[in-house]
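Peer 1: Give me the fold of what follows.
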Amino acid sequence: MALASQVDQTVPPGLGWLKPSEVITGQEIPPGGFPEQPAGLLEKWGVELGLGSLYVFGGTCALVFALKKDKPTVLVMYGSLMIVAGWVLSSKGTRVSYALFLMAALTLGVVAFQCTRRSKKSPPAHHGR
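Peer 2: The predicted model follows:
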């Protein structure tokens, strides 16, 4: 305590760096606040890009599998999953939900196309000869 008062007496009055409490209380916050550091692309969008890429990759794999194996139920399930995931993520304010809704529309559109193509290809059943 005696050392602090001795320092205050020997320091010229214009040097605030030796009186931190006076420097801290004497600072003013600018009217708009302090400027934020600009964030990089991955810091801002990393999680959303990762989720979107994962779902789009999974959707592409489901499309290829379902088209090669002729399994439209896989596409219906995956399209439904995409709609639910897009709805949950859009409620949280993420923009990746648009990619999920687009992928769901694509998969369900492929299912509708396959079903209409099948119904046109199948010949009518003949009963008796």
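Peer 1: So for the chain, which residue is the most central one in space?
Peer 2: Nearest residue to the geometric centre of the chain (CA atoms, centre = their mean): E48, 2.2 Å.
Peer 1: Contact partners for G79?
Peer 2: Applying CB atoms under 8 Å, 6 or more residues apart in numbering, we find G79 in contact with 104-105, 107-108, 111. To be clear about C-beta, it is placed using only N, CA and C from the backbone, and glycine gets the same treatment.
Peer 1: check which helix or strand covers it.
Peer 2: When secondary structure is defined using DSSP states H and E, the element that contains G79 is helix 72-91.
Peer 1: Which SSE is immediately downstream of that helix?
Peer 2: Going C-terminal from helix 72-91, and assigning secondary structure by DSSP H and E, you next hit helix 97-121.
Peer 1: Which strands and helices lie in contact with that next one?
Peer 2: helix 41-69, helix 72-91 (3 or more CB pairs under 8 Å, 6 or more residues apart in numbering; DSSP states H and E).
Peer 1: out of the ones you listed, which comes closest to A99?
Peer 2: Proximity to A99, assessed across the helices and strands packed on helix 97-121 by CB to CB, is greatest for helix 41-69 (4.6 Å).
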